[in-house]
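> here is a sequence with its predicted model. Questions after.
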Amino acid sequence: MSTAAEIAETVAPVEPALNVQPLWIGPIKVDPPILQAPMAGYTNYAYRQIVRDFGGAGLQATEMVSARGFLAIEEHHDEFPDRLWGVKDEARPLAVQMWDNDPDTLAEVGARLAHEFKVSVVDINFGCPVKQISEHAHSGSYLLREPDRIGRIIEKVVAACAPTPVTAKIRLGCDRTCVTAPHVAEIVEQSGAAALTVHGRVASDFFRGNADWEQISALKQRLKRIPLIGNGDLDTPQKVVAAFRQYDVDGVMIARAALSKPWLFRQAAAALRGEAIPADLTLDQERTLLLDHYRLVLERFGPQKGTLLMRKFACCYAQGRPGCREFRTKVCHVFTPDEFYEVVERYFPKFACVEAFDTAKRRATPED
Ligand SMILES: Cc1cc2nc3c(=O)[nH]c(=O)nc-3n(C[C@H](O)[C@H](O)[C@H](O)COP(=O)(O)O)c2cc1C
């Protein structure tokens, strides 16, 4: 990994070590039990490489793949979708997530992922709240109102993928009047899934409010055999430790916070072991990391598509830093590598805190 991943400073551990055990998804050991969430449009090969280089994620996931899209592409003898970029060759363990509502389609694609792509885990999405997938395609979170169908899907996919384990990712329900997770959890287990991940919101919340960890934790009583993985709003190593301390979960999953800090898994893993938490990257290190990330994206997508794709990752890296708004505005208008490099050089935040930023601004703009 680049020197950017060399985190020099550390902060003292905040709490005594927790005796958190690895979790098992069928025969796959997830150690530490901190999972990198699937995120459409983000958790591609380049991002996963970066997370892997920092360490600390016991299992990583791809973006979700449309099962129907997978089959259609194959019919036309096209290249496999960008969403499967790197999957055949990269390090294991690796989970691939897929979505659809048809048991046979999911079973066919699951079997291909398990036996041909040899992924470690086949995950099925039952939580996506996005309209095109839920309301229009009757998939993702829409299926939370049809637990029996979820059961039929899992049974078929498990049979088709064996011995590769199959997992399910859900939300608490479709909306406040349809909180089906307790029943769905039982069905997921009875149908042969090897783990259940729960994002502690209902679909109609999208990302509003806070994830309800009490409700996630309560699901543990519904499961006899398989691990429960809690997900939602974990954005510091301390919150990861608190999740294990306060709630009845076997593992945790992190999504958004690790887009701006892909080293968060490493920090969280250290915190769980009761070790000093590695410090955040400096801004210089972050800039180097951003450019490393860009290089990986360019190699796959070329200058035009790669630059467009990289805009949103660049915004994530700058997030929360003084000057990030100006950087965001500029980087969202770049089209070529030259423009990208120039904007990063000139506008990527240089100050980690507001006070230092204000002082530098005052110095740069002499008063009249
Ligand atoms: C941009 C974006 C894309 C996402 N894509 C997926 C996806 O493809 N599959 C999935 O199961 N969840 C997806 N999610 C949900 C996350 O995996 C996770 O459940 C949610 O963000 C809550 O975790 P967090 O609070 O750590 O972000 C996505 C979330 C975001 C923000």
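Nice, thanks for sending it over.
> so who does Cys161 touch?
By C-beta atoms under 8 Å, 6 or more residues apart in numbering, the contact list for Cys161 reads Ala107, Gly110, Ala111, Leu113, Ala114, His115, Val122. Quick note: C-beta positions are derived from backbone N, CA and C, even for glycine.
> Ala218 too?
For Ala218, the contacting residues are Pro182, Asp248, by C-beta under 8 Å, 6+ apart.
> would you mind measuring from it to Lys224?
15 Å (C-beta to C-beta, to the nearest Å).
> got it, and Val11?
40 Å.
> more neighbours, these two?
Neighbour count, other C-beta atoms under 10 Å: between Val11 and Lys224, Val11 has more, with 14 against 8.
> and the helices in this protein?
45-54, 67-75, 103-115, 147-161, 181-190, 213-218, 237-246, 257-260, 264-272, 283-318, 324-331, 337-347, 354-364 (DSSP state H).
> and the angle from the fifth one to helix 147-161?
I take that to be helix 181-190. Using axes from the mean of the first three to the mean of the last three C-alpha atoms, to 10 degrees, the direction of helix 181-190 lies 30 degrees away from that of helix 147-161.
> do helix 181-190 and the ligand meet?
No - residues of helix 181-190 are not located near the ligand by C-beta under 6 Å from any ligand atom, the shortest gap being 13.4 Å.
> what residues does that helix touch?
Counting by C-beta under 8 Å, 6+ apart, helix 181-190 makes contact with 126, 144, 147-148, 150-151, 154, 168, 170-173, 196, 198, 215, 218-219, 222-226, 228, all of which sit outside it.
> among those, name the buried ones.
The neighbour-count test (16 or more other C-beta atoms under 10 Å) applied to these identifies 126, 144, 147, 150-151, 154, 168, 170-173, 196, 198, 215, 219, 222-223, 226, 228 as buried.
> near the ligand, which residues of the stretch 201-350 of the chain show up?
Residues of the stretch 201-350 of the chain lying near the ligand (C-beta under 6 Å from any ligand atom): Asn231, Gly232, Asp233, Leu234, Ile254, Ala255, Arg256, Ala257.
> the same query, at a cut-off of 8 Å, please.
201, 207, 211, 231-235, 253-259 (C-beta under 8 Å from any ligand atom).
> same thing with the stretch 51-200 of the chain?
Residues of the stretch 51-200 of the chain that fall close to the ligand, judged by C-beta under 8 Å from any ligand atom: 61, 63-64, 97, 99, 123, 125, 127-128, 140, 169, 171, 197, 199.
> what's the farthest-apart pair in those?
Within these, two members stand farthest from each other by C-beta to C-beta: Glu63 and Arg171, at 17.8 Å.
> where does the protein have low pLDDT?
Low-confidence segments of the chain, defined by pLDDT under 70: 1-10, 12-16, 77-80, 352-368.
> make it 90
Along the chain, the parts satisfying pLDDT under 90 run over 1-19, 72-83, 350-368.
> top of the residues of the stretch 201-350 of the chain next to the ligand by neighbour count?
Using other C-beta under 10 Å as the contact criterion, the top neighbour count among those goes to Ala258, which has 28 neighbours.
> could I get the contacting residues of it?
Under the criterion of C-beta under 8 Å, 6+ apart, the contact partners of Ala258 comprise Gln36, Ala37, Val51, Leu264, Phe265.
> one more: Arg222?
For Arg222, the contacting residues are Pro182, Ala185, Glu186, Glu189, taking C-beta under 8 Å, 6+ apart as the criterion.
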